[in-house]
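Q: Fold the following.
(one chain, ligands or ions: 1)
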Amino acid sequence: MTIIAPFPGMEPLARRMAATSGAEIQPVDLHHFPDGETLVKLGGDPAGREIAFLATLRDPDRLALPLRFAALTARELGAARVGLVAPYLGYMRQDKRFHPREAVSAPIFAGFLDECFDWVMTADPHLHRNPSLSALFRIPAYRVATAPLLADWIAANVPEAVLLGPDSESQQWVAEVARLAGRPYEVLTKHRSGDRQVEISLPGSAVFRQGTPVILDDIASSGHTLIRTLEQLEQAGARPATCVIIHAVFAHGAEEAIRHAGAARIVSTDTIPHSTNAVCVGELLATEMKVAQCAT
Ligand SMILES: O=P(O)(O)OC[C@H]1O[C@@H](O)[C@H](O)[C@@H]1O
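A: The predicted model follows:
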């Protein structure tokens, strides 16, 4: 039987995955010493077993070394194969050199995970320039799409939804969710000049006035993409908008600021544990994990 080894905070998602896959859950213990170093302890003996660590990489700098300790320890103790399920895969946004001498973090981070694991799996990675996850990793890389779950949620919860993608990067998600939900969509124009400096322009067609706007994006981080979109919609006289986010990254104060900007509701998937989680990806990940484990 496969082992799912959740990092701290990931136990609820591990239980949902285990309910579908029948896997055994063995939580990973992290002990933080006073000097800042971390002691990793596996929850059981992985000898001869398939083990999948479950860690969402919202805070990858803090998690990278413990992940490596866990993966190499599982190997040393004789695990048959060691996988990583990272429902949110951090560092994918720095996929090119935007300014001279910057690190192109996405492939470097992928290379780090290549060295630790036999396979990796994630949900809707932020890869809008190169949508192929397998081009980034040398190990087998699997992705699940949350679009069917988001479409179902919108169909059940938002009457007369008109989907809005705040920028061209969101086109791939908003177009697919709109298609599955059978609802219209529009993609807005965004200009970002800094971490928290964002401008949004609404399209002239104003389809968003014909229903309830649902702003759909893969990530809310500083929240400024959503905040500026909400402000523009309010100025244009649209109905209060619902924000649907795949990965609830939410930097400090972001959720409150988005609510203050007029969001009628904010919902997210549970790729990152957060109070806005309303859509569960556990079954999706568990089903894809069986595919990963059947592959040689
Ligand atoms: O505007 P914040 O919330 O900081 O960042 C999230 C946005 O930045 C993009 O990469 C994401 O796709 C999303 O549109």
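
Q: Around residue 231, how many other residues sit close by?
A: When neighbours are defined as other C-beta atoms under 10 Å, residue 231 has 13 of them. Bear in mind the C-beta positions are built from the backbone N, C-alpha and C, glycine included.

Q: so where does it fall, helix or strand?
A: helix 224-235 (DSSP states H and E).

Q: For that helix, give me every contacting residue.
A: 164, 166-167, 188, 190, 192, 196-202, 208, 213, 215, 217, 220, 241, 243, 245, 257-258, 261-263 (C-beta atoms under 8 Å, 6 or more residues apart in numbering).

Q: buried stuff in it?
A: Neighbour counts using 16 or more other C-beta atoms under 10 Å place 224, 225, 226, 227, 228, 229, 230, 232, 233 of helix 224-235 among the buried residues.

Q: between the residues you listed, which is nearest the ligand?
A: The ligand lies nearest to residue 225 out of these, by C-beta to the nearest ligand atom, at 3.3 Å.

Q: pLDDT value on the closest one, please?
A: pLDDT for residue 225: 98.

Q: What is the neighbour count of the closest residue to residue 246 other than its chain neighbours?
A: Nearest residue to residue 246, sequence neighbours excluded (C-beta to C-beta, 6 or more residues apart in numbering): residue 218, at 4.7 Å. Neighbourhood size, residue 218 [other C-beta under 10 Å]: 25.

Q: From what I see, residue 218 and residue 247 are in contact.
A: Yes. The criterion here is C-beta atoms under 8 Å, and residue 218 meets it with residue 247 at 6.1 Å.

Q: got a pLDDT number for the closest residue in space to residue 133 that isn't next to it in sequence?
A: Nearest in space to residue 133, with sequence neighbours left out and distances taken as C-beta to C-beta, 6+ apart, is residue 141 at 4.3 Å. On the pLDDT scale, residue 141 is placed at 97.

Q: quick one: the closest residue to residue 22 other than its chain neighbours and the ligand, what's the gap?
A: Nearest residue to residue 22 in three dimensions, chain neighbours excluded: residue 1, at 6.8 Å (C-beta to C-beta, 6+ apart). To the ligand, residue 1 is 38 Å away according to C-beta to the nearest ligand atom, to the nearest Å.
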